[in-house]
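Student: compute the structure for the input listed below.
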Amino acid sequence: MGLLLAWRLAAVIISMHPVLILSFYAKIVLLKKFSKMALKAQSESSKVAAEAINNHRTVTAFYSQNRILRHFELTQAAPRQEGIRQSWLAGIGLGLSQCISHSCAGLAFWYGGYLVLHGQITSKDYFRVLSIALGTARVVADACAMTSDLTKGAQTVASVIDIFDRATNIEPNGQNGLQEKSINGDIVFSKVNFAYPTRSNVTVLRSFTLAIKAGRSTALVGPSGSGKSTIIGLIERFYDPIAGEVRIDGRNIKTYNLRSLRRHIALVDQEPALLGSTVRECITYGAEVGVTDAEVEAAARAANAHGFISGLTNGYHTSLGERGAQLSGGQKQRIAIARAIVRNPAILLLDEATSALDGKSEKVVQEALERVMVGRTTVLVAHRLSTVRKCDRIAVLEQGVVVEKGKHASLMAMGSTGKYYNLVSLQTAETNISNQ
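Tutor: Residues are numbered from 1 along each chain as shown. Got it, this is the predicted structure:
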């Protein structure tokens, strides 16, 4: 277009395009590069600051504020030197780029003015050609500078699409499968083999067979890595077994609609996640819509939580902060138990629910659990064996298989030849030493 309007001026500007495009491109690339380098240089000091904030109680307790500040200043030394170096390079590089682009534009203006003055082109064509030719150089430079970003963007989009297209063997939102309004809670593990997908070469359960009767409490004990928590995950169907099957009420767990099945199951973890801004929202999280205040209070009373909740500033409407930061460990557990009670589950799963608590808190929480367990199928994973003595059945696991099962009294009667007896004896000895 520029060649048609004023070919002489257009030819001069086009001949300068490589220089113009290079200067524009250099300016854009330099700005991006220095921005990335500055962020990278600041990352170490940001880590120190974040670590100090997240662990402010420890920092304060050890009076380490000055040490943290000195460490922060040391981590700032390298970024400061890097910033000075980048400032010089940016000043020189950007200044040179601006000088070249403005010189080229000045040359175009001078030569265009010369042609207009001698009547070889009109002033209208002069401005048209300048805007077209100079604008083209900037657009080309911007496009070139965006090439790497577009490539990275395409790779990112491709990875996101791969995630969307990834097929799962367990469909959490599927509409197929049995949708039972109620279940009895009879659970059977039949010759189950299992290994986690990320460690497929390590078999956690080997031909694991166990029957858990409806309405009864079954405790799973054993050393770390024996597969206790894995059984909880299989009942919730977070995973499927490699071989064998898990049956609930005589049906393979895979035949149930997953969302419907989980409505009949409640889980209390060692570290409960309190999701919700207030106490009431935490307790009713995951429950059916329309839970009344009376039902919430009844659940809290059953969980030994009503007393401390009533003492909070706004009672059940008190905001708990992020992850329940305002509550102690025992209080969090009692809120989690109340949340499980509100669901009125047929199956209750307790995964190390008291292991992180002190003796006083453990006693209060254990009392609440014993009330909740009545009439429900309860699977209790425990490290502290004092919490499983009243269970209807105790299964001792070792290397992914059941090596002993029975009541506390019958297992203790086996004496030193029994696995459970030895576990209890070892734990009792450790408790006695720690109390001395």
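
Student: skipping its backbone neighbours, what lies nearest Q175 in space?
Tutor: Among residues not flanking Q175 along the chain, N257 sits closest, at 7.3 Å (CB to CB, 6 or more residues apart in numbering). For glycine as for every other residue, the C-beta is placed from the backbone atoms N, C-alpha and C.

Student: for that neighbour, what are its contacts?
Tutor: By CB atoms under 8 Å, 6 or more residues apart in numbering, the residues touching N257 are 174-179.

Student: just the buried ones from the residues you listed?
Tutor: Buried members of the contacts of N257, counted by 16 or more other CB atoms under 10 Å: G177.

Student: out of the contacts of N257, which is nearest to N314?
Tutor: Q179 (38.3 Å; CB to CB).

Student: wait, what's in contact with that closest one?
Tutor: Neighbours of Q179 in contact, by CB under 8 Å, 6+ apart: 256-257, 260.

Student: in the stretch 251-400 of the chain, what spans have low per-residue confidence?
Tutor: 275-276, 289, 321-325, 354-362 (pLDDT under 70).

Student: how about a cut-off of 90?
Tutor: Scanning the stretch 251-400 of the chain with the threshold set as pLDDT under 90 gives 254-346, 348-376, 378, 380-392, 398-400.

Student: residue ranges for the helices of it, please.
Tutor: Per DSSP state H, counting those that start in this stretch, the stretch 251-400 of the chain carries helices over the ranges 258-262, 279-283, 293-302, 306-310, 329-343, 359-373.

Student: out of those, deepest packed?
Tutor: helix 329-343 (a mean of 25; mean count of other CB atoms under 10 Å).

Student: L205 touches T230, doesn't it?
Tutor: Yes. Using CB atoms under 8 Å, L205 is in contact with T230, at 6.2 Å.

Student: common neighbours of these two, please.
Tutor: Counting by CB under 8 Å, 6+ apart, the common neighbours of L205 and T230 are F194.

Student: any idea which of the contacts of Q179 is closest to C391?
Tutor: Nearest to C391 among those, with distances taken as CB to CB, is Y256, at 26.0 Å.

Student: give the contact list for that closest one.
Tutor: For Y256, the contacting residues are 177-180, 248, by CB under 8 Å, 6+ apart.

Student: swap in 10 Å and give it another go.
Tutor: By CB atoms under 10 Å, 6 or more residues apart in numbering, the residues touching Y256 are 176-180, 183, 237, 248-249, 262, 264.

Student: still on that earlier bit, can you put the contacts of Q179 in TSV and add distance to Y316?
Tutor: Shown next, in TSV, are the contacts of Q179 (distance: CB to CB, whole Å):
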residue	distance to Y316
Y256	34
N257	33
S260	29
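
Student: for R393, which non-adjacent residue is spatially closest?
Tutor: Counting by CB to CB, 6+ apart, R393 lies nearest to T218, which is 4.7 Å off, once chain neighbours are set aside.

Student: quick one: the one you found and D392 touch, right?
Tutor: Yes. Using CB atoms under 10 Å, T218 makes contact with D392 at a distance of 6.8 Å.

Student: quick one: E245 is in a strand?
Tutor: Yes. With DSSP: H, G, I helix; E, B strand; the rest coil as the criterion, E245 is assigned to a strand.

Student: residue contacts, it?
Tutor: By CB under 10 Å, 6+ apart, the contact set of E245 is 188-192, 251-254.

Student: out of those residues, which are buried?
Tutor: The buried subset of the contacts of E245 - by 16+ other CB under 10 Å - is 188-190, 192, 253.

Student: identify those among the residues you listed that sit within strands.
Tutor: Among the buried ones among the contacts of E245, the residues falling in strands (DSSP state E) are 188-190, 192.

Student: need the CA coordinates for stretch 239-251. CSV is fine.
Tutor: Coordinates of each C-alpha in stretch 239-251 appear next as CSV, following Å, rounded to 0.1, in the frame of the first residue of the first chain:
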residue,chain,number,x,y,z
TYR,A,239,-8.9,-46.8,44.8
ASP,A,240,-9.9,-50.2,43.4
PRO,A,241,-8.0,-53.4,44.3
ILE,A,242,-5.7,-55.0,41.7
ALA,A,243,-7.3,-58.4,42.4
GLY,A,244,-10.1,-59.7,44.6
GLU,A,245,-13.1,-57.7,45.5
VAL,A,246,-14.6,-55.5,48.2
ARG,A,247,-18.3,-56.2,49.0
ILE,A,248,-20.8,-54.2,50.9
ASP,A,249,-24.0,-55.9,51.8
GLY,A,250,-23.0,-58.8,49.5
ARG,A,251,-22.5,-56.7,46.4
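
Student: distance from it to the middle of the chain?
Tutor: Chain-centre distance of stretch 239-251: 28 Å, with CA atoms, centre = their mean, to the nearest Å.

Student: list the residues that contact G227.
Tutor: Contact analysis of G227 by CB under 10 Å, 6+ apart lists 192, 194, 203-206, 208, 220, 233-234, 397-402.

Student: farthest pair in those residues?
Tutor: Using CB to CB, the contacts of G227 span at most 18.7 Å, a distance reached by G233 and E398.

Student: more neighbours: those two, which one.
Tutor: Using other CB atoms under 10 Å, the more surrounded residue of G233 and E398 is G233, with 17 against 14.

Student: how far away is the closest residue to E370 other than its chain neighbours from V202?
Tutor: Take E370 and drop its neighbours on the chain: the residue closest to it by CB to CB, 6+ apart is K390, 6.6 Å away. As judged by CB to CB, to the nearest Å, K390 and V202 stand 34 Å apart.

Student: between these two, who's got more neighbours?
Tutor: The residue with more neighbours, out of K390 and V202, is K390; 13 against 10, by other CB under 10 Å.

Student: stretch 405-419: how far from the chain's middle?
Tutor: 41 Å.

Student: doesn't V379 make contact with A219?
Tutor: Yes. Counting by CB under 10 Å, A219 touches V379, with 8.1 Å between them.
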